[in-house]
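Chemist: no letters, just coordinates:
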Ligand SMILES: NC(=O)c1ccc[n+]([C@@H]2O[C@H](COP(=O)([O-])OP(=O)(O)OC[C@H]3O[C@@H](n4cnc5c(N)ncnc54)[C@H](OP(=O)(O)O)[C@@H]3O)[C@@H](O)[C@H]2O)c1
C-alpha cells in the first residue's frame, strides 16, 4: 500500500510518458506539464491532471520529477516565467531525471536550495519500454534524508536503485554509462559495416559475437534491428549527441582528455547535421553507410 502521494512530472517526451504511465498504473496522484500539450494526451486519458505550467505542477505536488532534454530545458522549466520556483511551497522536492552534466546539476541544486527547495539527482538507465514496467535502473545523489522520504516513489519507478554521496555524482555516473552506450553503438556499426564491405552477412558476426563473453544487451537485441535497417527511436541519436557533448565538456572542466568520445562527438554531430537526429541512436550505422556511399 502507498501513501496518496502527489507527484508531478514536467516533461512527457518518450521517457516522461513511460514513467508517468507506470506511476498512474501504480495508483499515484499525478499532475503533468509538457511544453507541447499533445504529448500529455495519453496520460490525461489514464487519469493524470494536465496543467498549463511548471508553476502549477509545483502547486499541486510534493515531489516533481523533471524529465526534459538538457540542462537549458531544466533551467527554463525550473527558473523561467511560470517555472517551478514560482509555485514553491514548504516541503516541495524536485528530482531531476534528465541526463545533464554534473556541473550544471550542482548549480541547479544550489539555486533550488537558495529558495529552500530540496533537489535530488535521479538519472536513469533504460528507455520508455522499461519505464512503463517500472524497471528502470535509477542512480540517485543529493540529500539522503530527502531521498528516503520519497524512496517508495523511486522504488516504483526503478527495479534497481543506487544512492551515491555528493551533489551531481549520479549525473557523472550517468554520463560515464552513456559513454559506454556510444562506444557500443559505434563498435557494432563499424563491425557490421566491415562485414558488409566484403559482402558477408553481418548476422554471422552478431551470432558469433553473442556466443562469446563480449556480448552485450545491445549486441543481443538492438543489433539485429540495426542490420535490418530498423531505427525506430526509443532514445534519439540527437539526444545521445547532447549527452556526448556533456561528456566532452565535463572532461574538459575536470582537465582530462578522452580521445574516443571526442571523435564520437564529431561523428554524432555530423550525423545530426546530415538529418539522422530523429533516428534511434543506433542509427549511427545509417550515417556510416552514407559516408561510405555518398
Ligand atoms: N529515452 C530514453 O531511453 C532515455 C533514457 C534515460 C535518460 N533519458 C533522458 O531523459 C530526458 C528525456 O528524454 P526523452 O527520450 O524523453 O526525450 P524526448 O522524447 O526528446 O523528450 C524531450 C522532452 O524535453 C522537453 N523539452 C525540450 N526542451 C525543452 C525546453 N526548452 N523547455 C521545456 N521542455 C523542453 C520536450 O518538450 P516538447 O515535447 O515540448 O518538445 C520533451 O518533453 C533526456 O535528458 C534523455 O537524455 C532518456
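Modeler: Structure's in. What do you need? Note that the coordinates shown come from a computational prediction; the quantities given were computed from them, not determined experimentally.

Chemist: now residue 279: closest residue in space, sequence neighbours ignored.
Modeler: Closest residue in space to residue 279, ignoring its immediate chain neighbours: residue 231 at 4.1 Å, by Cβ to Cβ, 6 or more residues apart in numbering. Quick note: C-beta positions are derived from backbone N, CA and C, even for glycine.

Chemist: same check on residue 169?
Modeler: residue 141 (4.2 Å).

Chemist: what is the burial count for that neighbour?
Modeler: 25 (other Cβ atoms under 10 Å).

Chemist: any idea how far the ligand is from it?
Modeler: Going from residue 141 to the ligand by Cβ to the nearest ligand atom, to the nearest Å gives 16 Å.

Chemist: report pLDDT for the residue in the chain positioned nearest to the ligand.
Modeler: Going by Cβ to the nearest ligand atom, the ligand is nearest to residue 13 of the chain, at 1.9 Å. Residue 13 carries a pLDDT value of 98.

Chemist: give me phi/psi at it?
Modeler: phi -80, psi -150 (degrees, to the nearest 10).

Chemist: does stretch 49-69 come close to the ligand?
Modeler: Yes. Stretch 49-69 lies within reach of the ligand by Cβ under 6 Å from any ligand atom, at 67, 68, 69.

Chemist: what residues are up against residue 127?
Modeler: Neighbour list for residue 127: 14, 15, 18, 234, 235 [criterion: Cβ atoms under 8 Å, 6 or more residues apart in numbering].

Chemist: and if we set it to 10 Å?
Modeler: Neighbouring residues of residue 127 by Cβ atoms under 10 Å, 6 or more residues apart in numbering: 14, 15, 18, 136, 233, 234, 235, 280.

Chemist: so which of the residues you listed are in strands?
Modeler: residue 136 (DSSP state E).

Chemist: return the member of the contacts of residue 127 nearest to residue 186.
Modeler: residue 280 (13.8 Å; Cβ to Cβ).

Chemist: surely that closest one and residue 229 touch.
Modeler: No. Checked against Cβ atoms under 10 Å, the pair residue 280 and residue 229 is beyond contact range at 11.2 Å.

Chemist: and the pLDDT for residue 198?
Modeler: Reading off the model, residue 198 has pLDDT 97.

Chemist: what's the answer for the one 10 residues further on, then?
Modeler: As predicted, residue 208 sits at a pLDDT of 98.

Chemist: from residue 242, how far off is it?
Modeler: Using Cβ to Cβ, to the nearest Å, residue 208 is found at 34 Å from residue 242.

Chemist: comparing these two, which residue is more hemmed in?
Modeler: Using other Cβ under 10 Å, the more surrounded residue of residue 208 and residue 242 is residue 242, with 18 against 11.

Chemist: what's that one sitting at in phi/psi?
Modeler: Dihedral angles (degrees, to the nearest 10) for residue 242: phi -70, psi -30.

Chemist: mind listing what it touches?
Modeler: 69, 70, 71, 72, 99, 100, 236, 268, 272, 277.

Chemist: is the ligand contacted by stretch 114-126?
Modeler: Yes. Counting by Cβ under 6 Å from any ligand atom, the ligand has neighbours in stretch 114-126: residue 124.

Chemist: now do the buried residues in that stretch.
Modeler: Under the neighbour-count criterion of 16 or more other Cβ atoms under 10 Å, stretch 114-126 has 117, 118, 119, 120, 121, 122, 123, 124, 125, 126 buried.

Chemist: gap between the two ends of stretch 152-166?
Modeler: Terminal residues of stretch 152-166 are spaced 21 Å apart (Cα to Cα, to the nearest Å).

Chemist: pLDDT weak spots in the chain?
Modeler: Residues of the chain meeting the criterion pLDDT under 70: 1-3, 294.
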